[in-house]
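Colleague: need coordinates for the below:
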Amino acid sequence: MSDTVYLAYDYPVLGAFWTAMWVFLWVLWIFLLFRIIADLFRDDSLSGWAKTGWLVFVVLLPFLGVFVYVCVRGSGMGRRETQHAKAQQHDIDEYIRKTAGSGSSSAEQLAKLSEMKSAGHLSDEEFQRAKEKILS
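Modeller: Purely as a prediction, here's the structure:
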């Protein structure tokens, strides 16, 4: 019975705190590393060789590479992220406008409707129903 091991005494609360902090910092480091790599590929002002050089530097010497990258190019990271977000929002807005229709006014819809009637594609009854639907 004296050979019983109590795990609570082997791993104190302060040890658990330090472990949690190191795990948090490690995850934060991984996010920062991927953010820098994404920023490298997103930047259009760098040539392919410059991107390759930065990528090799960041991958082979990660701590020094990330530190130097943030010091040298960190001020533009936020600007490039904002430009990327605006471009994505613009693309989404254009897609919604395209798929939702032209958003034409009632006058344009009535003009198209009268053209269809004069071409003989609609009867008088169909024209009146469509006209009431547009005006309501």
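
Colleague: please pull out the lowest mean pLDDT helix or strand from this structure.
Modeller: Lowest on mean pLDDT, DSSP states H and E among the helices and strands of the chain sits helix 7-10, with a mean of 61.

Colleague: so for the next helix or strand after that one, mean pLDDT?
Modeller: Scanning forward in sequence from helix 7-10 by DSSP states H and E, the next helix or strand is helix 13-42. Mean pLDDT, helix 13-42: 91.

Colleague: and if you look at stretch 46-63?
Modeller: 92.

Colleague: next one: stretch 91-102
Modeller: Across stretch 91-102, the average pLDDT comes to 80.

Colleague: burial count for the nearest residue to residue 135 once chain neighbours are set aside?
Modeller: Using CB to CB, 6 or more residues apart in numbering and skipping the chain neighbours, the partner closest in space to residue 135 is residue 106 (6.7 Å). To be clear about C-beta, it is placed using only N, CA and C from the backbone, and glycine gets the same treatment. Using other CB atoms under 10 Å, residue 106 is surrounded by 10 other residues.

Colleague: for residue 55, same thing?
Modeller: 15.

Colleague: ok, it touching residue 38?
Modeller: No - the pair residue 55 and residue 38 fails to qualify as a contact (CB atoms under 8 Å) at a distance of 11.3 Å.
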